[in-house]
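Peer 1: sequence plus predicted model, see below.
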2 protein chains.
Amino acid sequence: MAVIGASTDATKFGTLSLNTLIQFGFEGKIYPVNPHAMEILGLRTYTNLKDISDSIDLALIAVPAPAVPSVLKECVAKRIRAAVVYTSGFSETGKEEGLKLEREIAKISKEKGIRVIGPNCFGTYCPASGLTLPPGAHYSKESGNVAFLSQSGGYADRFCQEAKGCGIRFSKVVSYGNACDLNETDFLEYLSEDPETKIIGLYIEGVKDGQRFLQTVKEVNQKKPVIIWKGGFGEGGKRAIASHTGALGGRKEIWDAFFRQTGAIRVSNLQELIDAVLIFQHFSNPCGRRIAIIGTGGGSAVDSADACERAGLSVPAFKTKTVKQLQALLPSVGASAQNPIDLGNPWTSPSTYRQIIEITSLDPQIDALINVMWQLSFFYAHREYLWKFFQKVIEVPMAISRNLRKPLIMVLCATPTEVEMLEAEGEWRRIKDRYIAAGIPVYQTIERAAKALVNFVAYHEHQKRTGASKTDD
Amino acid sequence: MAVIGASTDATKFGTLSLNTLIQFGFEGKIYPVNPHAMEILGLRTYTNLKDISDSIDLALIAVPAPAVPSVLKECVAKRIRAAVVYTSGFSETGKEEGLKLEREIAKISKEKGIRVIGPNCFGTYCPASGLTLPPGAHYSKESGNVAFLSQSGGYADRFCQEAKGCGIRFSKVVSYGNACDLNETDFLEYLSEDPETKIIGLYIEGVKDGQRFLQTVKEVNQKKPVIIWKGGFGEGGKRAIASHTGALGGRKEIWDAFFRQTGAIRVSNLQELIDAVLIFQHFSNPCGRRIAIIGTGGGSAVDSADACERAGLSVPAFKTKTVKQLQALLPSVGASAQNPIDLGNPWTSPSTYRQIIEITSLDPQIDALINVMWQLSFFYAHREYLWKFFQKVIEVPMAISRNLRKPLIMVLCATPTEVEMLEAEGEWRRIKDRYIAAGIPVYQTIERAAKALVNFVAYHEHQKRTGASKTDD
């Protein structure tokens, strides 16, 4: 790999990128190219690409915009087949000069056969290849089955960082910016055939070829869920798009029709995107909208039911048989055996807790279970003398979830705000990590769980309507 | 204070409550009443209330439901004027026995003049008096100007705990459960006249006297913002309400009319409630809907504008003069001087950053500023070598916010998920605490900031329409 534009100034983008690759542990050879330095970050530098005797697979370009076309030509001369152009200052400036430069890059790419990602992007993160985005020194080195395409570098970064903490692992992430050569549809076509990718997320501001994109999403979505966050619907958003990636945002009505036709999952911010990916990573069989809620506390039961119903799920009454079985297990006061279930006493014994989940999962009125537990502030208040007891209760969902016939989602309520609670939150996150490792998706709020589940359900409803069927998993 | 029903079993509710009061530092005398123990938690116990020679101001009752009426009669005999009945097992059970017991309590209260909070509740938190809820050992000991009334004990607890971390401080919090004697309207009338209370939040499932409640909210809201979270609109929520506090939830259409008529601020979960309280705590002058967004990164700009517009705010174009002044300060590439502003390079110097905020605040098209900064994962990735620089930039909003003519809200983007990021999050929260101490409300996401601001704006729009005016501060 050649890094063109790294320098001895640590705050420059090229240097940052080089440093990140080293920290991330890229195992191939890296050749920094800079005529003004002998050594950068401990690596020997080269004055020119042509001074490098090895062949180069990929060029990372971070020189100023006016120099990009000539650097790209040098790449062609060196027979480099692919380049990432980090540099900004092209069509997104809205100025003639930037537009002209971008057209020049596109022309070189097309005529000379060098494929370009960017300009105005963060490039690719691919843990299997040791590639990462410029801020991605700490991304997971494990591979997974989730791909993410992002017109925004910042959101590609945040997605990799934040989704990592939710237990999401990636096949390939691409921040492609202005997409002067390779665009969203090209990447989608690739990911469609990529055996390592099972779930595809996108952040897009606009698309290059609407018809081709629509057709591709429609086809890909039949075999792999495509989750799309389209940004920039309002007046301010459109203004931001124009100066960000120079894309034309398109009217909301057009996008409404796009989602109806393709069946792609529509989300409207980063959190919803991560939450949707998480549920697709854990569940694969279609699931209905009828939810059982298990929680502690009457207020929490009310709130959970409201949130599920607002999101488009239903919280139906249990069969009488279920209610009777639950009543036999629950305390006679301060609890409720109706859906939403209020366990009442938060000191529910592990065996009772287990039976309640199992009985609930057998009710024919119910398609999936959401268990709202382990409210952080409660745990924090009682952690000293209840920790041993908690530890046993916590094991229950992990022990039984794989044998339940229906999906189980955990909500570990944590709205972190205080410095003093950090230690308790650390315990919390370890519990979350263990649930996720056991195949149970975990959300921090009932709203997020409900929204993710409704996205999952709606995807499968669309698949059923259009006759597509999931063959793998 | 007498605690009736505390025992030597640490997991019992009465004991928990007593222990919490001691931990919280209640400075008055506490008399545990229990015929079967000599000493509980280091305090001498009494067999009967009448064995106590001192006069008693408040009785906390945690005996089983069937024993409550006789205990209440003993309180009357001891000339106790007020009691909190924690005990569950009354009308919320839906059973004749529970209903009968609750009517009996109400009758004693009415006939004998002892005022009762509850049953089926957590009682009161009042830092000035050293009173706290049963899970509230760690609540703030500082007083503030926010009151909260909650039909749910669990949400009273979560509100106190979570709002504390947002810098919210309380005058009085009441968890009143089934409200057999004192109800939401009684408390509201009190708070209306309470000089320590400036902002009032409520979580309600149903109300005892709809007309009186409506009239009271309408009147109180004219002088102190009343923020209401009404839970239990759907099928599942109504079922939960019935078994939680035995309240009748009421139809959604009725509540729509209620909010239109009273102008009370309507929120739909705990987070929104806390977020609304926070903004009312920081701002008092009316403010319009036209927002300037300042942030770093094009994707973030798009997302922030979308979120504001979805919430009902507008993100208008700046005056040409403003754009020109901003352009002179911002990098020519990778940034945007349009609204939403993209600072581009996250290494913006403190003086440039300061000037950008100041110039933006002077644009006549703009009513308020939202500054989306300090994305946690970015900070985390670069904390080692950028911390010193960050420290200077962080100071800027604190240094200037009081002199800006318009409200400034900070969004410190942090979606915490990873155990490894806890230390960086600690730094984050310290920054948040400092902003809040400097009078700047801080939110974790743009969605939450936008929603809080729109609630604030709508409140003042209603005040203006109805001719009410804020007379204090």
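Peer 2: Perfect, I can see it now.
Peer 1: and residue A:457, which helix or strand is it part of?
Peer 2: In this structure, residue A:457 sits in helix A:446-465 according to DSSP states H and E.
Peer 1: can I get that helix in CSV? Just the C-alpha atoms.
Peer 2: Presented in CSV, the C-alpha positions along helix A:446-465 are these (Å, rounded to 0.1, in the frame of the first residue of the first chain):
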residue,chain,number,x,y,z
ILE,A,446,-37.7,-0.1,25.3
GLU,A,447,-38.2,2.4,22.5
ARG,A,448,-35.1,1.2,20.7
ALA,A,449,-36.0,-2.4,21.2
ALA,A,450,-39.5,-1.9,19.9
LYS,A,451,-38.3,0.1,16.8
ALA,A,452,-35.7,-2.5,16.0
LEU,A,453,-38.2,-5.3,16.3
VAL,A,454,-40.8,-3.6,14.2
ASN,A,455,-38.2,-3.1,11.5
PHE,A,456,-37.4,-6.8,11.6
VAL,A,457,-41.0,-7.8,11.4
ALA,A,458,-41.8,-5.4,8.6
TYR,A,459,-38.9,-6.7,6.5
HIS,A,460,-40.2,-10.3,6.7
GLU,A,461,-43.8,-9.1,6.0
HIS,A,462,-42.5,-7.5,2.8
GLN,A,463,-40.6,-10.7,1.9
LYS,A,464,-43.7,-12.7,2.4
ARG,A,465,-45.9,-10.3,0.3
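Peer 1: now tell me what touches it from outside.
Peer 2: The contact list for helix A:446-465, computed with C-beta atoms under 8 Å, 6 or more residues apart in numbering or on different chains, reads A:222, A:225, A:227, A:263, A:265, A:267, A:271-272, A:275-276, A:278-280, A:283, A:286-289, A:291, A:303-304, A:307-308, A:310-313, A:368, A:370, A:372, A:407, A:409, A:411, A:413, A:441, A:443, A:469-470, B:269. Backbone N, C-alpha and C define where each C-beta goes, glycine included.
Peer 1: which of those fall within strands?
Peer 2: Per DSSP state E, strands hold the following members of those: A:227, A:265, A:267, A:291, A:368, A:370, A:372, A:409, A:411, A:443.
Peer 1: ok, the first one touching residue A:276?
Peer 2: Same thing as residue A:227. Yes: in terms of C-beta atoms under 8 Å, residue A:227 counts as a neighbour of residue A:276; the distance is 4.8 Å.
Peer 1: any shared contact partners between these two?
Peer 2: By C-beta under 8 Å, 6+ apart, residue A:227 and residue A:276 have these common neighbours: A:201, A:265, A:267, A:455.
Peer 1: who does the first one bridge with?
Peer 2: Per DSSP bridges, residues listed as beta-bridge partners of residue A:201: residue A:148, residue A:227.
Peer 1: so for it, what's the pLDDT?
Peer 2: pLDDT recorded at residue A:201 is 98.
Peer 1: try the last one
Peer 2: At residue A:455, the model reports a pLDDT of 98.
Peer 1: could you do the third one as well?
Peer 2: At residue A:267 the predicted local confidence, pLDDT, stands at 97.
Peer 1: and it, what does it touch?
Peer 2: Residues in contact with residue A:267, defined by C-beta under 8 Å, 6+ apart, are A:227-229, A:273, A:275-276, A:455.
Peer 1: can you rerun that using 6 Å?
Peer 2: Contacts for residue A:267 were tallied using C-beta atoms under 6 Å, 6 or more residues apart in numbering or on different chains; they are A:229, A:273, A:276.
Peer 1: same thing with residue A:60?
Peer 2: A:3, A:17, A:84.
Peer 1: before we move on, what about residue A:359?
Peer 2: Here residue A:359 is in contact with A:325-326 (criterion: C-beta under 6 Å, 6+ apart).
Peer 1: give me the element it is part of.
Peer 2: Using DSSP H and E, residue A:359 sits in helix A:350-362.
Peer 1: just the CA coordinates of that helix, formatted as PDB?
Peer 2: Output of helix A:350-362 as PDB, limited to C-alpha atoms (Å, rounded to 0.1, in the frame of the first residue of the first chain):
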ATOM      1  CA  PRO A 350     -34.100 -17.500  39.400                       C
ATOM      2  CA  SER A 351     -36.400 -20.500  39.100                       C
ATOM      3  CA  THR A 352     -39.500 -18.400  39.100                       C
ATOM      4  CA  TYR A 353     -38.100 -16.000  36.600                       C
ATOM      5  CA  ARG A 354     -37.100 -18.900  34.400                       C
ATOM      6  CA  GLN A 355     -40.600 -20.400  34.500                       C
ATOM      7  CA  ILE A 356     -42.300 -17.100  33.800                       C
ATOM      8  CA  ILE A 357     -40.200 -16.600  30.600                       C
ATOM      9  CA  GLU A 358     -40.900 -20.200  29.500                       C
ATOM     10  CA  ILE A 359     -44.700 -20.100  30.200                       C
ATOM     11  CA  THR A 360     -45.000 -16.700  28.400                       C
ATOM     12  CA  SER A 361     -43.100 -18.000  25.400                       C
ATOM     13  CA  LEU A 362     -45.600 -20.800  25.000                       C
END
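Peer 1: between strand A:368-373 and it, find me the angle.
Peer 2: Angle of helix A:350-362 versus strand A:368-373, following axes from the mean of the first three to the mean of the last three C-alpha atoms, to 10 degrees, is 150 degrees.
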